[in-house]
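Novice: the sequence isn't on hand, but the structure is:
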Ligand SMILES: Nc1ncnc2c1ncn2[C@@H]1O[C@H](COP(=O)(O)OP(=O)(O)OP(=O)(O)O)[C@@H](O)[C@H]1O
């Protein structure tokens, strides 16, 4: 008898990603002293929750069959009493699965951008550091289709265009280090896989705390949408993410190609030429120009770019526009001048 369908599904998802990682490392043509390619190290980022415990179990199983070393990292955000004990427990469970190396990394969470964003920033910084130090070829994350649907809704509510509707990428980070094998699987499958394999899971109290936006969305928003629109809404939102990502990528390439065509010989942006671009492309050209002058991408919102865009489309002699990173945009003699003040 084969494995339970939920276990088969999580293993297949991980196997596909491990094959990708193996193909990429082979293509890089790296070999050891004996001329054979070294087995790449793949880490699972594990919170101890159902998604990442399922991921860890599938990684442990599939890595044994392939030429892949499997390890794990758990990050202790230090935000709850006893978080260090929980991290130690996760480490013990990952070691029981024969993952090696396994580490717990303690981080200090700042306040920048709210508690969820601050915890996420600290977590990714710690995962990056660990992956570099251990020489990992990839870090697996347990985001599911349900997480993707939530991310699309959060992006929709920001009102900042299709890039924010495109959710999380299956491959992201420096040199494509982060992989999300479960993006097409639902959360129930991961939970079921833990249940049938008797893997204990930790339910993060933050996930049910209504103080957190994502938790409200998960427990109130999405169920209400499913009631109104039917069960297929999660799948539709996840599909929207993929379609939006493709559209956003195409528009970004268009903007990159359009950039040189709207500049004069001195490299200055010409307002008349910018005016002739489709708005979606023009806003991207402007965003690129503002970032190139030193505005931090994460602090640059749609409303900032709209204001710069009005210097082109609704010119009424308005003054300079102040942007994040002390960048300033002004219209001068038919040119758009963007520079750091
Ligand atoms: N403390 C942590 N340490 C290591 N990795 C983490 C930690 N928290 C989250 N992750 C990684 O990020 C992914 C998404 O986490 P998030 O908290 O957004 O979702 P989740 O649905 O609660 O996931 P899980 O059920 O695995 O906890 C996790 O599946 C895991 O891979």
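Specialist: Right, received. Where do you want to start? Owing to the predicted nature of the structure, the values given are computational and were not obtained by experimental measurement.

Novice: starting at the chain centroid, how far to stretch 238-252?
Specialist: Put simply, stretch 238-252 sits 14 Å off its chain's centre (CA atoms, centre = their mean, to the nearest Å).

Novice: please identify the buried residues of it?
Specialist: Within stretch 238-252, the residues that qualify as buried are 238, 239, 240, 241, 242, 244, 245, 247, 248, 251, counting by 16 or more other CB atoms under 10 Å. Every C-beta, even on glycine, is put in place using the N, C-alpha and C of the backbone.

Novice: secondary structure element for the nearest residue to residue 88 once chain neighbours are set aside?
Specialist: Distances taken as CB to CB, 6 or more residues apart in numbering place residue 104 nearest to residue 88, at 6.5 Å, with adjacent residues excluded. Assigned by DSSP states H and E, residue 104 belongs to strand 102-106.

Novice: what's the strand or helix carrying residue 329 packed up against?
Specialist: Under the criterion of DSSP H and E, residue 329 resides in strand 327-332. On a contact count with 3 or more CB pairs under 8 Å, 6 or more residues apart in numbering; DSSP states H and E, strand 327-332 meets helix 279-292, helix 302-313, strand 321-323, strand 335-340.

Novice: I'd like these laid out as JSON lines, including mean neighbour count, mean pLDDT and distance to residue 172.
Specialist: Output for the helices and strands packed on strand 327-332, formatted as JSON lines (neighbours: other CB atoms under 10 Å; pLDDT from 0 to 100; distance: least, CB to CB, whole Å):
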{"stretch": "helix 279-292", "mean neighbour count": "19", "mean pLDDT": "97", "distance to residue 172": "18"}
{"stretch": "helix 302-313", "mean neighbour count": "18", "mean pLDDT": "96", "distance to residue 172": "21"}
{"stretch": "strand 321-323", "mean neighbour count": "18", "mean pLDDT": "96", "distance to residue 172": "26"}
{"stretch": "strand 335-340", "mean neighbour count": "17", "mean pLDDT": "96", "distance to residue 172": "28"}
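
Novice: out of those, nearest to residue 16?
Specialist: Smallest distance to residue 16 across those (CB to CB): 32.3 Å, for helix 279-292.

Novice: next one: the closest one to chain centre, how far?
Specialist: Worked out by CA atoms, centre = their mean, helix 279-292 lies 22 Å from the chain centre.

Novice: any chance of the helices and strands packed on strand 327-332 in CSV, plus distance to residue 181?
Specialist: Shown next, in CSV, are those (distance: least, CB to CB, whole Å):
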stretch, distance to residue 181
helix 279-292, 31
helix 302-313, 32
strand 321-323, 38
strand 335-340, 41
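
Novice: so which of the buried residues of stretch 238-252 comes closest to the ligand?
Specialist: Nearest to the ligand among the buried residues of stretch 238-252, counting by CB to the nearest ligand atom, is residue 238 at 14.4 Å.

Novice: whatever helix or strand that closest one lives in to helix 279-292, inter-axis angle?
Specialist: Per DSSP H and E: residue 238 is located in helix 233-258. Using axes from the mean of the first three to the mean of the last three CA atoms, to 10 degrees, the inter-axis angle of helix 233-258 relative to helix 279-292 is 70 degrees.

Novice: packing partners for helix 233-258?
Specialist: The contact analysis (3+ CB pairs under 8 Å, 6+ apart) places helix 233-258 against helix 145-158, helix 162-165, helix 222-229, helix 279-292.

Novice: and residue 218, how many residues sit next to it?
Specialist: A count of nearby residues for residue 218, using other CB atoms under 10 Å, gives 19.

Novice: who touches the following helix or strand past the strand holding residue 104?
Specialist: Using DSSP H and E, the next helix or strand after strand 102-106 towards the C-terminus is helix 115-134. When contacts are defined by CB atoms under 8 Å, 6 or more residues apart in numbering, helix 115-134 is touched by residues 41, 43, 45, 71, 73, 75, 77, 79, 101, 103, 105, 107-113, 136, 139, 173-174, 177-178, 212-214.

Novice: just the buried ones from these?
Specialist: 41, 43, 45, 71, 73, 75, 77, 101, 103, 105, 107, 109, 136, 139, 173, 177-178, 214.

Novice: out of those residues, who's near the ligand?
Specialist: 45, 73, 75 (CB under 6 Å from any ligand atom).

Novice: would you confirm that the second one belongs to a helix?
Specialist: No: secondary structure assignment (DSSP: H, G, I helix; E, B strand; the rest coil) places residue 73 in strand, not in a helix.

Novice: got a pLDDT number for it?
Specialist: Listed pLDDT for residue 73 reads 98.

Novice: same check on the first one?
Specialist: As summarised for this prediction, residue 45 has a pLDDT of 98.

Novice: check residue 78 too.
Specialist: Per-residue pLDDT puts residue 78 at 87.
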